[in-house]
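K.L.:
Kindly return the folded structure for what I paste below:
(chains A and B)
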Amino acid sequence: DTAVSQTPKYLVTQMGNDKSIKCEQNLGHDTMYWYKQDSKKFLKIMFSYNNKELIINETVPNRFSPKSPDKAHLNLHINSLELGDSAVYFCASSLRRGALNTGELFFGEGSRLTVL
Amino acid sequence: GQQLNQSPQSMFIQEGEDVSMNCTSSSIFNTWLWYKQEPGEGPVLLIALYKAGELTSNGRLTAQFGITRKDSFLNISASIPSDVGIYFCAGKNGNDMRFGAGTRLTVKP
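P.N.:
Coordinates of the predicted model:
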């Protein structure tokens, strides 16, 4: 079984559309994250949830809205997609949050979003 | 925010050679980590360092947490083709974890 799974793996869409990426972890972890990796491979955190509660919300446009129905799921909805949103989006999880977190993140395989 | 400077940006080496890469910061971190990302995959943790001066090995990989807590290095000995990938350093303080820009490693057989 895949520890952190995200769907879809590839997403090609037109500017202005709304899309969602889903993420599920079966590791029993408390904390989940969304990272954006741009074309230069730079990894930047977007959001972090601990047990369904938002704990990190970096400077991300309001068009991005995370939703965590339970601690095993963290979905990302993007409204009014723009060209600059094209990137690979990684979901990740960790056992604990903050200072209790060892720093080990378990990443999904990524969802490559292409906005035309 | 805290910025991590990772170097080199890329390396092209011959199989069997040793590799060294490092990460520096203007701020201190309580934890340093090294991840590897292979094509089409997410990053995977290689080594985690929790104490200044700590030297930790994982097979052919060795990493050190700098005494000043502002830097870390990763060495790979006797490289093999499957070492190919992007290596990321990461520094962590509490909730805040930052990644370096990555070192892209190519190993020629």
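K.L.:
okay, CA-based contacts and neighbour counts for the rest of this
P.N.:
Will do.
K.L.:
quick one: contacts for B:Gln64?
P.N.:
By CA atoms under 8 Å, 6 or more residues apart in numbering or on different chains, B:Gln64 lies in contact with B:Leu49, B:Gly53, B:Glu54, B:Leu55, B:Thr56, B:Ser72, B:Phe73, B:Leu74.
K.L.:
Now which of those would you call buried?
P.N.:
B:Leu49, B:Leu55, B:Ser72, B:Phe73, B:Leu74 (16 or more other CA atoms under 10 Å in any protein chain shown).
K.L.:
Just the contacts of B:Gln64: which are in strands?
P.N.:
Among those, the ones falling in strands (DSSP state E) are B:Leu49, B:Leu55, B:Thr56, B:Ser72, B:Phe73, B:Leu74.
K.L.:
and A:Leu81, what does it touch?
P.N.:
A:Gln14, A:Met15, A:Gly16, A:Asn17, A:Asp18, A:Lys19, A:Arg63, A:Val115.
K.L.:
Would you agree the fourth one is in contact with A:Ser80?
P.N.:
Yes. Shown here, A:Asn17 and A:Ser80 form a contact pair, counting by CA atoms under 8 Å, at 5.1 Å.
K.L.:
Who are the packing partners of the helix or strand of chain A with the lowest mean pLDDT?
P.N.:
Averaged element by element with mean pLDDT, DSSP states H and E, chain A has its least confident helix or strand at strand A:53-57 (a mean of 83). Using 3 or more CA pairs under 8 Å, 6 or more residues apart in numbering or on different chains; DSSP states H and E, the elements in contact with strand A:53-57 are strand A:43-50.
K.L.:
Check whether the strand it packs on comes near chain B.
P.N.:
Yes. Shown here: strand A:43-50 in contact with chain B (CA under 8 Å from any CA of the partner chain) through A:Leu43, A:Lys44.
K.L.:
now swap in stretch A:7-22 and tell me
P.N.:
No. Among the residues of stretch A:7-22, none lie within reach of chain B under CA under 8 Å from any CA; the closest is 9.7 Å away.
K.L.:
mind listing what's buried in that stretch?
P.N.:
Of the residues in stretch A:7-22, those buried (16+ other CA under 10 Å) are A:Thr7, A:Lys9, A:Leu11, A:Thr13, A:Met15, A:Lys19, A:Ile21, A:Lys22.
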